[in-house]
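*Asks:* need the 3D shape of this:
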Amino acid sequence: MVSWGTIKSVLMFFGPMLLPKAIGYYRSFRENAKKPGRPIRPVPPAVSRALGILFIIAVILLIATLPMFLEENIFTKTQSRIQIPVDVLFTRLTAIRPNGLTELDLRLREKLVSLESKLLYLKFGPDAIGNCLFCKADDRRSYYYYTMSSVLTPHVFNLAVLAAATSGMFVGEEGTMWRRFATICSVIIAVVDMSYLSEYDHKSNAKATRLEDLDMFFWRTHTYRYVVLAGLDGLIGWLLYLSSTNRAFVIPVSPAERLETATKVLDSARSKMSAAAVLLNTVNRDEGLRGKADGYWMNETRVMSEIMGEREVVDSVNNTLQSRVNMAAITSDADSYTKNMMGSFQSMEAAA
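*Replies:* From the prediction side, this is the model:
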């Protein structure tokens, strides 16, 4: 197992980087939850592609944990204990192989000559024991150095996938905010994985008298490694979904963006007013259109006069004015508005 010293060292190294960032995310989440932020929107197309890539990679990582994709364990295959003589072990293996022993089997037969080599086999797997040319049973660190490449390969591959999924070039601002978090988590997982492999005591299997008591460390960590990486991809995908749809971790609207939005609204209103002025000018200049407009307003005045002259309408208006509308307040507001407007004109004349 990983020693407490290793865990403490990892926490001391990465804690100062992760803790302030976690606190900042939490505070940002609470502040944005209390105030109205940006409206919830559908997933942007770029983020949708990134989520699709992360989902596919996570599924592939989970599929890689299935027994059919794992390296073969000859002890499980032959149902043999760790103390079994090597000749008996490979005799059983030969009996269940229709085409005889493979080249890897023959190399393993030459290497698994002692209990130490069998224990190293359970820790580093068949590839390291059978194919490593510079490894020796009395130097277990040599197997560790040989295995580093195969252990780090899925970590590097997954880091590259996360880098692409959080790239500002391909995803945009929604991805860049999680780029550092994804990188730090990937590095931490890789460091913990390598530390666990380095600190694991392979001799703990020496006293196991039954197959069920053996700790198949190499195959167990392979499964854990790929499941954790798939979980990391799922976590980053979930965070991307929340932030890109403004459901959480919303980036506040900057003053520049607010100013740009207000400018666009004003430009749109000015364009509509200009169009209305052009239309009104056209109507006033055309005799036929001006006549139709005058006819409309004359008819409108006549119809409204007839309606407002009806007894029921008069009673309803009087009732509203007396009981529901504060005419004094309306008059005061109108008077204040008129004074402010006329005062601005007077100040302009005085300045001229």
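*Asks:* other SSEs contacting the helix or strand harbouring Ala269?
*Replies:* If you go by DSSP states H and E, Ala269 is part of helix 255-285. Contacts defined by 3 or more Cβ pairs under 8 Å, 6 or more residues apart in numbering; DSSP states H and E place helix 255-285 against helix 287-309. Using the backbone N, CA and C atoms, a C-beta is placed for each residue, glycine as well.
*Asks:* how distant is stretch 138-152 from the center of its chain?
*Replies:* Chain-centre distance of stretch 138-152: 34 Å, with Cα atoms, centre = their mean, to the nearest Å.
*Asks:* now that stretch: average pLDDT?
*Replies:* Computed over stretch 138-152, the mean pLDDT rounds to 91.
*Asks:* now do that stretch: everything it contacts.
*Replies:* 116, 120, 123-125, 127-129, 132, 134-136, 190, 193-194, 197-198, 202, 225 (Cβ atoms under 8 Å, 6 or more residues apart in numbering).
*Asks:* now the buried members of those.
*Replies:* 120, 123-125, 128-129, 132, 135, 190, 193-194, 197, 202, 225 (16 or more other Cβ atoms under 10 Å).
*Asks:* between which two of the residues you listed is the distance greatest?
*Replies:* Ile129 and Ala190 (23.3 Å; Cβ to Cβ).
*Asks:* pick out whichever of the buried ones among the contacts of stretch 138-152 sits closest to Arg41.
*Replies:* Distances from Arg41 to those, taken by Cβ to Cβ, are shortest for Ala190, at 35.0 Å.
*Asks:* distance of the closest one from Thr166?
*Replies:* According to Cβ to Cβ, to the nearest Å, Ala190 stands 17 Å off from Thr166.
*Asks:* now do the helices in the protein.
*Replies:* 4-34, 45-63, 74-78, 86-96, 103-111, 115-131, 140-165, 173-176, 179-199, 217-244, 255-285, 287-309, 311-323, 327-351 (DSSP state H).
*Asks:* tell me the most buried of the ones you listed?
*Replies:* helix 115-131 (a mean of 21; mean count of other Cβ atoms under 10 Å).
*Asks:* that one to helix 140-165, inter-axis angle?
*Replies:* 50 degrees (axes from the mean of the first three to the mean of the last three Cα atoms, to 10 degrees).
*Asks:* any idea how far helix 115-131 is from the chain center?
*Replies:* 39 Å.
*Asks:* got a list of contacts for it?
*Replies:* Applying Cβ under 8 Å, 6+ apart, the set of residues contacting helix 115-131 is 71-75, 82-83, 104, 107-108, 111-112, 135, 137-138, 140, 143-144, 146-147, 150, 197, 200, 202-203, 205-206, 214-219.
*Asks:* still on that earlier bit, can you list the helices of the chain in a markdown table and add distance to Arg210?
*Replies:* Written out in a markdown table, the entries for these read as follows (distance: least, Cβ to Cβ, whole Å):
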| stretch | distance to Arg210 |
| --- | --- |
| helix 4-34 | 30 |
| helix 45-63 | 30 |
| helix 74-78 | 11 |
| helix 86-96 | 16 |
| helix 103-111 | 22 |
| helix 115-131 | 14 |
| helix 140-165 | 25 |
| helix 173-176 | 50 |
| helix 179-199 | 25 |
| helix 217-244 | 17 |
| helix 255-285 | 67 |
| helix 287-309 | 100 |
| helix 311-323 | 94 |
| helix 327-351 | 92 |
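*Asks:* which one of the ones you listed has the lowest average pLDDT?
*Replies:* helix 4-34 (a mean of 64).
*Asks:* so who does Asn99 touch?
*Replies:* Going by Cβ under 8 Å, 6+ apart, Asn99 touches no other residue.
*Asks:* need phi/psi at it.
*Replies:* Dihedral angles of Asn99 (phi, psi; degrees, to the nearest 10) stand at phi -100, psi 10.
*Asks:* on that earlier part again, out of the buried ones among the contacts of stretch 138-152, which comes closest to Ala269?
*Replies:* Of these, the one sitting nearest to Ala269 (Cβ to Cβ) turns out to be Ala190, at 56.0 Å.
*Asks:* how close does the nearest residue to that closest one once chain neighbours are set aside sit to Leu232?
*Replies:* Computed as Cβ to Cβ, 6 or more residues apart in numbering, the closest residue to Ala190 that is not its neighbour in sequence is His155, at 4.1 Å. Per Cβ to Cβ, His155 is found 10 Å from Leu232.
*Asks:* what residues are shared contacts of these two?
*Replies:* Common neighbours of His155 and Leu232 are listed as Ser186, Ile189 (criterion: Cβ under 8 Å, 6+ apart).
*Asks:* what pLDDT is listed against Ile251?
*Replies:* 65.
*Asks:* from Asp335, how far out is Tyr146?
*Replies:* Counting by Cβ to Cβ - Tyr146 and Asp335 are separated by 92 Å.
*Asks:* Arg225 now?
*Replies:* Counting by Cβ to Cβ - Arg225 and Asp335 are separated by 79 Å.
*Asks:* can you check Ala163 too?
*Replies:* Ala163 is 66 Å from Asp335, by Cβ to Cβ.
*Asks:* and for Arg97?
*Replies:* For Arg97, the distance to Asp335 - Cβ to Cβ - is 104 Å.
*Asks:* sorry, back to before: what's the angle between the helix holding Ala269 and helix 287-309?
*Replies:* Interaxial angle of helix 255-285 relative to helix 287-309 (the same axes, to 10 degrees): 100 degrees.
*Asks:* done for today, thanks.
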